[in-house]
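Student: pasting a predicted model and its sequence here:
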Amino acid sequence: MTLFKFTIVDENVGGPSSTGRSGGRQSIGLKEFGPPRPHFQEGPMILCLLWLLLATPPSQSVPATARQHVDRGYSLAQKGDLKAAEAELREAVQLAPDDALALAVLGMVLSQGPKLEEANSYLEHALRLDPGDIGTRYNLAVNQFRLGKLEDAKATLDLLLKQKPDHKQAASLLEAIKGKSTYDSALDRYRAGHFAESQALLEQMINAGNRDPKVLSLLAWCYHRQNRMDDSLAMMRRAIGLAPTDATLYSNAAQILLEDRNLPAASRAVAKGLELAPNHVPALKLKGLLDLEHGDLKQAVASFQRAVELDSADPEAMKQLGTAQRLLFQYPEAAATFEKGITRFPAYARLYEAYGGLLLDPGAHLDKPAEARAVALLEKALALDASLPQAHYLLGKLLLEDGKAFEAFPHLESAARLDPRNSAMHLALANAYRVLGRSGDQSRELKLFRELEALKGR
C-alpha cells in the first residue's frame, strides 16, 4: 500500500568549502548539499488508501476499535491535523501492536514532522509483519533518505525494485541517492586536497548525464586548484547556464577570478550576484575584498559590516571587517572587532592571527605589553591552525628582528612554503639565511623575491 505520495525536490545547494588556498586567502565556501526534503502531496494515493481501508477488513486478531482509530487518524491527517491523527493512531497501535496497517499509517504521519527516527521504527515493524507491502517499503526508503541514511535507503530500494522492477518513483529515488553519494565522496576528496580524485568522480557523474549545477561548480573548483583556469571558467559558465539566477554560482566564479587576479571579471561576477541577491553574504564578502584591491577602504568596511550584520555567525566576515578597519587606520574599531570576534568564535584561528597583526602594526603605537600580547595571539593562532602563513611570517619576522635567527627560521621557512606566491615571505626567509650564513639559499630566495615582484608590475 502506498500511503502518501512524495515528490523529491532538489533544494538550492552550493559548492565546496576548500582547504586549498591561493594568495593567502581562504576561499569562499557555500552551503553543503543536504538530503532533499520529500513533500507531502494529496492526490491519487489518497483514493488508493481509502480503497484499502474499506476493502481490507481487519483480521480476527485486530480489534475493530483499533481499525476505527486508524480510519479516524487517517481522516485527520488528510485535514492537516497531524497531532490529533498521531493520537488516534497511537491508540490503534496500543490496541493492535501487530497491525501492519496501523503501524504503517502511524509511521507515515510521524514522518511529516520531526519524529523521523520514530517513524522509521514503525515503518520497519510494519514491513516485518507484511514484507510484501511495496508502498510502505518505498515510504521507508524516503524516510531513510530524509534522515541521511543513504546506505539504508539504497538497500531498501534495491529490495523494492526486486519486488517491483517497474516502480518509477523508487528507481528515481535510487538514482538520486547514488548521485548524492558520489557527490559527497567528491566533496570529501576536494576538502582533503585530493583534487584529481574529486575531479574523476565528478566527471564520471557528468558523463553519466548528471547536469546538476553544483556538480559542475565543484568540478570547476577542482580544475582551478590544479591551475587549469580555462577549464575551470568554462565549467563555471556551464553551471551558470543551467542556473542563471543562482547568486552562489556567480560568487564561486568571482572567487576563482579573484584568486587568478582577474579583478575586472571578478567585479562583474560579484555585481551580477548582488543584482540577483542583494543580501547574499558570500558576494558581499567578495565585494569587500575587491573594494580593498581597488583601494576603496571605506566601501570595503561598509561591505564587510553589512556581511556581519546579515550573518553574525560568520567568523571570516568578522575577521575581514577588522582587517579593513585596520587598513583604514581605525585601530580602536579594529581591535574592538577582533575582541568581539575572539569572544564569539574562540576556536577560529584567523581572528587571532589578524589581531596579532594589528598589534604589531607600527601605527598602533606598539609597546612591550602590546608586543607580548601580539606574540601570544599569533602563537594561539598557530596552535589552532599551523597552516597559517601570515602568523608564521609575523612571528618569524619579529624573532629575526630580536636577533633570534635560529628560532625565526622555522617560521619563515613555513611561511614561504605555505604562501609561495607572496614575495614578502621569500625576502624575510632570505634575510634569515643571510644571518645564518647560508649564502646559496639566500641567493635563491632573493631570486624568487625579485621574480614575484616583477610579476606585480604586469
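Tutor: Looks like it arrived, so ask away. Owing to the predicted nature of the structure, the values given are computational and were not obtained by experimental measurement. Numbering: from 1, shown residues only.
Student: which SSE is immediately downstream of the longest helix seen in the chain?
Tutor: Longest helix in the chain by number of residues (criterion: DSSP state H): helix 168-191. Heading C-terminal from helix 168-191, the first helix or strand you meet, by DSSP states H and E, is helix 195-207.
Student: and that following helix, which residues are buried?
Tutor: Across helix 195-207, burial judged by 16 or more other CB atoms under 10 Å covers Phe195, Glu197, Ser198, Gln199, Leu201, Leu202, Met205, Ile206. Bear in mind the C-beta positions are built from the backbone N, C-alpha and C, glycine included.
Student: can I get these in a markdown table with distance to Ala424?
Tutor: What follows is the buried residues of helix 195-207, written out as a markdown table (distance: CB to CB, whole Å):
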| residue | distance to Ala424 |
| --- | --- |
| Phe195 | 27 |
| Glu197 | 33 |
| Ser198 | 32 |
| Gln199 | 32 |
| Leu201 | 38 |
| Leu202 | 36 |
| Met205 | 41 |
| Ile206 | 41 |
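Student: single out whichever of those has the smallest pLDDT.
Tutor: Among the buried residues of helix 195-207, Met205 has the lowest pLDDT, at 86.
Student: unless I'm mixing things up, that one is touching Lys180, no?
Tutor: No. At 10.3 Å, Met205 does not count as touching Lys180 under the criterion of CB atoms under 8 Å.
Student: distance of Pro264 from His294?
Tutor: Noted for Pro264: a distance of 10 Å to His294, by CB to CB, to the nearest Å.
Student: more crowded one of the two?
Tutor: His294 (12 against 9; other CB atoms under 10 Å).
Student: can you check the pLDDT for the residue nearest to that one when sequence neighbours are not counted?
Tutor: Using CB to CB, 6 or more residues apart in numbering and skipping residues adjacent in sequence, the residue nearest His294 is Leu263, 7.5 Å away. Reported pLDDT at Leu263 in the predicted model: 95.
Student: would you check that Leu263 makes contact with Leu292?
Tutor: No. Using CB under 8 Å, Leu263 is not in contact with Leu292, being 10.8 Å away.
Student: neighbour count: the two, which is higher?
Tutor: The neighbour count for Leu263 versus Leu292, taken as other CB under 10 Å, is higher for Leu292 (19 against 14).
Student: now the more buried one: which helix or strand?
Tutor: For Leu292, the host element (DSSP H and E) is helix 281-293.
Student: same question, Ala254
Tutor: helix 247-259.
Student: quick one, that helix and helix 281-293 angle?
Tutor: 30 degrees (axes from the mean of the first three to the mean of the last three CA atoms, to 10 degrees).
Student: which SSE is immediately downstream of helix 247-259?
Tutor: Using DSSP H and E, the helix or strand that follows helix 247-259 towards the C-terminus is helix 263-276.
Student: just checking, what packs against that following helix?
Tutor: The contact analysis (3 or more CB pairs under 8 Å, 6 or more residues apart in numbering; DSSP states H and E) places helix 263-276 against helix 247-259, helix 281-293.
Student: mind putting those helices into a markdown table with mean pLDDT and distance to Tyr331?
Tutor: Output for these, formatted as a markdown table (pLDDT from 0 to 100; distance: least, CB to CB, whole Å):
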| stretch | mean pLDDT | distance to Tyr331 |
| --- | --- | --- |
| helix 247-259 | 95 | 27 |
| helix 281-293 | 96 | 17 |
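Student: can you tell me which of those helices is packed in deepest?
Tutor: helix 247-259 (a mean of 26; mean count of other CB atoms under 10 Å).
Student: show me where the stretch 51-200 of the chain has helices.
Tutor: Using DSSP state H, counting those that start in this stretch, the helices found in the stretch 51-200 of the chain span residues 64-78, 82-95, 100-110, 116-129, 134-146, 150-163, 168-191, 195-207.
Student: hey, which of those is tucked in deepest?
Tutor: Using mean count of other CB under 10 Å, the stretch among these with the largest mean neighbour count is helix 100-110, at a mean of 27.
Student: angle of it against helix 82-95?
Tutor: With the same axes, to 10 degrees as the basis, helix 100-110 and helix 82-95 are set at 150 degrees to each other.
Student: and the angle for helix 100-110 with helix 134-146?
Tutor: 30 degrees.
Student: give me the angle between helix 100-110 and helix 64-78.
Tutor: Going by the same axes, to 10 degrees, helix 100-110 makes 30 degrees with helix 64-78.
Student: counting by contacts, list what helix 100-110 packs against.
Tutor: Based on contacts counted as 3+ CB pairs under 8 Å, 6+ apart, the elements that helix 100-110 packs against are helix 64-78, helix 82-95, helix 116-129, helix 134-146.
Student: switch to 10 Å and redo it
Tutor: Counting contacts by 3 or more CB pairs under 10 Å, 6 or more residues apart in numbering; DSSP states H and E, helix 100-110 packs against helix 44-55, helix 64-78, helix 82-95, helix 116-129, helix 134-146.
Student: just checking, what packs against the third one?
Tutor: Contact partners of helix 82-95 among helices and strands, from 3+ CB pairs under 10 Å, 6+ apart: helix 64-78, helix 100-110, helix 116-129.
Student: what's the angle from that helix to helix 116-129?
Tutor: Using the same axes, to 10 degrees: helix 82-95 against helix 116-129 is 40 degrees.
Student: contact partners for the residue nearest to Glu124 when sequence neighbours are not counted?
Tutor: Nearest non-adjacent residue to Glu124, counting by CB to CB, 6+ apart: Leu140, 6.6 Å away. Leu140 sits next to 104, 107-108, 111, 119-120, 122-124, 126-127, 133, 152-153, 156-157, 160 when contact means CB atoms under 10 Å, 6 or more residues apart in numbering.
Student: check contacts around Ala269.
Tutor: Residues near Ala269 by CB under 10 Å, 6+ apart: 236, 240, 249-258, 262, 283, 286, 290.
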